[in-house]
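> Just the structure for this:
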Amino acid sequence: FVLTGALTKFTREEASQKIELLGGKVSGSVSKKTSFVVVGENAGSKERKARELGIPLLTEDEFLEMIQ
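Numbering: from 1, shown residues only. Modelled structure (predicted):
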């Protein structure tokens with residue numbers, strides 16, 4: 001997972017902890033190995049790169065649904 005933009009429903013640290021508790025990994029940069037990008041407000045180059053690579057983008061709500 002890569003987190004980008006301003007998250008409003010949780011902090012980056014909280015989101016990272018949830019991902020890691022469920023066995024996922026959090027990265028600071030998008031690559032072809034990235035599975036999902038969680039996109040907050042004002043996301044920039046990471047969102048663009050994910051689109052270029054065809055990596056699924058998740059809103060915060062979609063991310064919450066996925067981890068529940």
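> nearest residue to residue 41 other than its sequence neighbours?
residue 6 (4.4 Å; Cβ to Cβ, 6 or more residues apart in numbering). Just so you know, the C-beta spots here come from the backbone N, C-alpha and C atoms, and that holds for glycine as well.
> got it, and residue 15?
Residue 15's closest residue in space is residue 3 (Cβ to Cβ, 6+ apart), at 5.7 Å.
> Next, the contact list for the one you found, please.
Applying Cβ atoms under 8 Å, 6 or more residues apart in numbering to residue 3 gives the contacts 12, 15-16, 26, 37-38, 40.
> And it, its phi and psi?
Main-chain dihedrals, residue 3, degrees, to the nearest 10: phi -110, psi 130.
> quick revisit: now that we have the contacts of residue 3, which of them are buried?
15-16, 26, 37-38, 40 (16 or more other Cβ atoms under 10 Å).
> Using CSV, lay out those together with pLDDT and secondary structure.
Shown next, in CSV, are those (pLDDT from 0 to 100; DSSP: H, G, I helix; E, B strand; the rest coil):
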residue, pLDDT, secondary structure
15, 95, helix
16, 96, helix
26, 98, coil
37, 98, strand
38, 97, strand
40, 96, coil
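> Redo those as CSV? Include distance to residue 65.
Below are the buried ones among the contacts of residue 3 laid out as CSV (distance: Cβ to Cβ, whole Å):
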residue, distance to residue 65
15, 14
16, 18
26, 18
37, 16
38, 12
40, 16
